[in-house]
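In: give me coordinates for this.
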Amino acid sequence: MVTSPVHAQDDMMQPSHVPAVFKAQLLQFTQLTRRNIRDIQALSPDDSSPVDPAVVQNAHNAYGLIRAAQWGMNTALGQQTYKDPTLVLAQKKAEQAFNLSRYAASSQSGSRAEYISKSVQDLSQALRLAQQALVILP
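Out: Sure thing, here's the model as predicted:
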């Protein structure tokens with residue numbers, strides 16, 4: 001596992017229209033989301049035990065990364081006179097991934113088994129979409 005200073009993580013959450021930045025955010029999102037899926041799958045479905053706060057925090061961090069990446073792509077598109085169709089497609093995929101990542105980062109209502117099932121399903125789809133966006137981007 002790679003560690004970085006707290007301020008470096010905050011910098012990664014800042015939207016930027018610079019392609020290298022939002023690509024790095026997408027890549028970091030995919031890495032963190034893979035780990036989040038494993039961590040959520042490892043949770044006990046028993047509602048009586050508390051959820052490790054680190055699991056929720058990591059899901060929240062991944063959500064922040066994908067939010068920043070899709071916002072940066074949207075800003076880059078807004079600055080273009082002629083819209084780059086590959087960037088449009090990548091931004092749409094990132095936006096879908098952003099929406100799918102929200103549940104794991106914020107929802108703890110309902111049963112633990114429901115949270116685990118829906119989070120793993122949504123994050124797996126978000127991971128696929130983010131990977132597709134990375135492949136599409138030049």
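In: following element in sequence after the worst-scoring helix or strand of the chain on mean pLDDT, please.
Out: When each helix and strand of the chain is scored by mean pLDDT, DSSP states H and E, helix 6-12 comes last, with a mean of 55. Per DSSP states H and E, the first helix or strand lying C-terminal to helix 6-12 is helix 19-41.
In: what helices or strands is that next one leaning on?
Out: Contacts defined by 3 or more Cβ pairs under 8 Å, 6 or more residues apart in numbering; DSSP states H and E place helix 19-41 against helix 6-12, helix 53-78, helix 85-106, helix 112-136. C-beta: built from backbone N, CA, C; applies to glycine.
In: in JSON lines: these, plus distance to Ala20 and mean neighbour count.
Out: JSON lines is the format used below for these (distance: least, Cβ to Cβ, whole Å; neighbours: other Cβ atoms under 10 Å):
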{"stretch": "helix 6-12", "distance to Ala20": "12", "mean neighbour count": "11"}
{"stretch": "helix 53-78", "distance to Ala20": "10", "mean neighbour count": "20"}
{"stretch": "helix 85-106", "distance to Ala20": "13", "mean neighbour count": "20"}
{"stretch": "helix 112-136", "distance to Ala20": "12", "mean neighbour count": "19"}
